[in-house]
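Student: Okay, sequence plus prediction incoming.
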Amino acid sequence: MRRFFTWALALGIGSSLLLAGARATAEPIEMIMTDELATSHWATKLIDEFAKTIEERSNGRIKVKVFHASTLYKDQDAVAALGSGSVHMVWPVAVRLEPIAPETGVVNLPFAITDEMMLQEGAPEAIGKFLSQYVEPKGIRVMGLARTADLFFLFRDQFITDIKDLRGKKVRVTGGRILQQLMRELGTSPVSMAATEMATAMMQGAIDGIFTSAGGWEMVGTSAAPKATSVPGLSLVTYAVLVDDAWLKGLPDDLRQVVEGTTLEFVRTNWPVAMKLDKETLENMVKAGGQYQEVSPEAREAFRQAALKANEEFIRRYPEVWEKFQEVTRPFRKGS
């Protein structure tokens, strides 16, 4: 068992999967995976372990090739390539779904997704199934959501103590209509660029700040961006685990079960593991010389009010999506 499955067992989450039959084939089936994470990001280790588990459970009948750090496709291009035969599974941040299905932006709304909700049994795959209905016409299946991190602001020479501190700043975001609208409501000029370009852009002054995670801070480094400011709960970023639906359906039954079962197991066990690793990464960045602080409760309320305005636009455009999302997530919310 690889590490994330070992952690899952330690958390009391058992594996119910059996190895695929031992039938040998002359040519293993190739499974190509890609993501936009730097190789130093902790999540790439989990993805590598996931790939090895697929190979082991298939008895070598599936050979997995993993391309990290957008080396196969740039961020948005990877999603568009699903169905072309050149890639079979993609792990993009969930905002990458918005250009092909804007309804999926509901999971990117401020305060829409919480750790407390996603730790409930069945939540990650239930939301994945909900999102799938909007991308299935594109030949894509959403296997579930995986946690990445809480996002916060990085700057070279200032902390954010008030929402006014962001006015007029050029801030890099991962993309997507929702995050860009949020940044506008906060008074910034949102800039989209690949994660691998953030450090250079900061050093050259092309951007003033970055809205990213602890893993993103690790990619950028404390020299380029030493000061981090968090607005708790403002944005919890997730990865959508996407698969080429036609490719998956075309696999032999036992191998399809291996891919589906192992992926769902990963989705179900990922959340607490990711929370732990995200916290450790943040602590390591502070030890490396970074400075981290949270805004005051009063400032957080100002951010919350601005975030609600971003939410209102989405709800006005897609009221039925919002209602369905509330229905799907209600069983996983505290007090439901």
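Tutor: Good, I have the coordinates.
Student: Just say helix, strand or coil for G144.
Tutor: strand (DSSP: H, G, I helix; E, B strand; the rest coil).
Student: Tell me the bridge partners for it.
Tutor: Beta-bridge partners for G144, by DSSP bridges, are V241.
Student: any idea how far R268 is from it?
Tutor: Applying CB to CB, to the nearest Å, the value for G144 to R268 is 8 Å. Any C-beta I mention is one placed from the backbone N, CA and C, and that applies to glycine too.
Student: what does I47 give?
Tutor: 16 Å.
Student: same check, this time on K249
Tutor: 22 Å.
Student: quick one: the strands in the stretch 101-250 of the chain?
Tutor: Here the stretch 101-250 of the chain has its strands, by DSSP state E, counting those that start in this stretch, at 140-150, 152-155, 170-173, 189-192, 209-212, 227-230, 236-244.
Student: would JSON lines of the ones you listed with mean neighbour count and mean pLDDT be doable?
Tutor: JSON lines is the format used below for the strands of the stretch 101-250 of the chain (neighbours: other CB atoms under 10 Å; pLDDT from 0 to 100):
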{"stretch": "strand 140-150", "mean neighbour count": "24", "mean pLDDT": "92"}
{"stretch": "strand 152-155", "mean neighbour count": "25", "mean pLDDT": "98"}
{"stretch": "strand 170-173", "mean neighbour count": "22", "mean pLDDT": "96"}
{"stretch": "strand 189-192", "mean neighbour count": "18", "mean pLDDT": "94"}
{"stretch": "strand 209-212", "mean neighbour count": "26", "mean pLDDT": "96"}
{"stretch": "strand 227-230", "mean neighbour count": "20", "mean pLDDT": "98"}
{"stretch": "strand 236-244", "mean neighbour count": "24", "mean pLDDT": "93"}
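Student: A38 is nearest to which of those strands?
Tutor: Nearest to A38, of all those, is strand 209-212, at 11.6 Å by CB to CB.
Student: What is the closest one packed up against?
Tutor: strand 152-155, strand 170-173, helix 198-204, helix 214-220 (3 or more CB pairs under 8 Å, 6 or more residues apart in numbering; DSSP states H and E).
Student: In terms of secondary structure, what does the first one contact?
Tutor: Strand 152-155 makes packing contacts with strand 209-212, helix 214-220, strand 227-230 when contacts are defined by 3+ CB pairs under 8 Å, 6+ apart.
Student: Adjacent strands (with direction) for the last one?
Tutor: Same thing as strand 227-230. Strand 227-230 has these strand partners (DSSP bridges): strand 152-155 (antiparallel), strand 291-294 (parallel).
Student: quick one on the thing from earlier: and the helices and strands packed on strand 209-212: which comes nearest A112?
Tutor: Here strand 170-173 is closest among those (CB to CB), at 16.3 Å.
Student: how far does that closest one sit from the chain's center?
Tutor: Counting by CA atoms, centre = their mean, to the nearest Å, strand 170-173 is centred 18 Å from the centre of its parent chain.
Student: So in that sheet, which strands flank that strand, and in what orientation?
Tutor: strand 189-192 (parallel), strand 209-212 (parallel).
Student: for the record, mean pLDDT for the helix or strand hosting R268?
Tutor: Per DSSP states H and E, R268 falls inside helix 253-287. Helix 253-287 carries an average pLDDT of 95.
Student: quick check: angle from that helix to strand 140-150?
Tutor: 20 degrees (axes from the mean of the first three to the mean of the last three CA atoms, to 10 degrees).
Student: any chance you could map the helices in the stretch 51-200 of the chain?
Tutor: Listed in chain order, the helices of the stretch 51-200 of the chain (DSSP state H, counting those that start in this stretch) span residues 75-81, 115-118, 123-135, 177-185, 198-204.
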